[in-house]
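> Pasting the sequence and the predicted coordinates here, then a few questions.
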Amino acid sequence: MRNPHVTELRQAVKQYLDAISSVSRVGTPELSHYTALDNLFDAIGNELKPKVRAVVHYSETASGQPDLGFFSGEHTDPDRGVVEVKGADADLDVLIASGQVDAYWQTRKLVLVTNLREFALVG
């Protein structure tokens, strides 16, 4: 018997890949993919206890403006980390070593970095 949670997550990943593929042909390298990422992260976050939700461009002043934040429960700050997104052509190793990611890490201690194809957790 298949685990329904695994099936749901596979479907979420498929939808993410389909959305990235279709948007990449017409959208901007970074901004056009926020909805696909937000949907993927929310599908994963719904399986966690406590549930974690992704919020695109939440209000942040301490470390700049991360692309997304991860929030659990009623928290009003990203208690589960932040996300920095670049286009698919970005070198993930260069992004990880950037001052931007370091600033987020200094404040949040957990940064998910992605170029839409690869994901790395800095923490």
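That came in fine, so what should we check first?
> For stretch 102-119, list every residue counted as buried.
Buried residues in stretch 102-119, counted by 16 or more other CB atoms under 10 Å: 103-105, 107-108, 110-116. Where C-beta positions appear, they are placed from N, C-alpha and C, glycine not excepted.
> Endpoint to endpoint, stretch 86-97 covers what distance?
13 Å (CA to CA, to the nearest Å).
> same thing with stretch 73-82?
16 Å.
> Neighbours of G99, how many?
Using other CB atoms under 10 Å, G99 has 8 other residues around it.
> what sits against it?
Taking CB atoms under 8 Å, 6 or more residues apart in numbering, we find G99 in contact with no residue.
> rerun at 10 Å
G64 (CB atoms under 10 Å, 6 or more residues apart in numbering).
> quick revisit: which pair in the buried residues of stretch 102-119 spans the largest distance?
T107 and L116 (23.9 Å; CB to CB).
> Mind checking what secondary structure the residue nearest the centre of the chain has?
By CA atoms, centre = their mean, the chain has its centre lying nearest to V83, at 4.7 Å. Under DSSP: H, G, I helix; E, B strand; the rest coil, V83 falls in the strand class.
> Leaving out chain neighbours, which residue sits closest to it?
L68 (4.0 Å; CB to CB, 6 or more residues apart in numbering).
> Mind checking what helix or strand follows the helix or strand that contains L95 in sequence?
Assigned by DSSP states H and E, L95 belongs to helix 92-96. Sequence order places helix 99-108 as the next helix or strand after helix 92-96, per DSSP H and E.
> so how far is that next one from its chain's centroid?
15 Å (CA atoms, centre = their mean, to the nearest Å).
> if you average pLDDT over that helix, what comes out?
In this model, helix 99-108 carries a mean pLDDT of 94.
> same thing with stretch 41-48?
94.
> got the CA positions of that stretch in CSV?
The C-alpha coordinates for stretch 41-48 follow below in CSV (Å, rounded to 0.1, in the frame of the first residue of the first chain):
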residue,chain,number,x,y,z
PHE,A,41,7.3,24.5,0.3
ASP,A,42,3.7,24.7,1.6
ALA,A,43,3.0,21.2,0.5
ILE,A,44,6.1,20.0,2.4
GLY,A,45,5.4,22.2,5.4
ASN,A,46,1.8,20.8,5.7
GLU,A,47,3.4,17.4,6.4
LEU,A,48,5.5,18.8,9.3
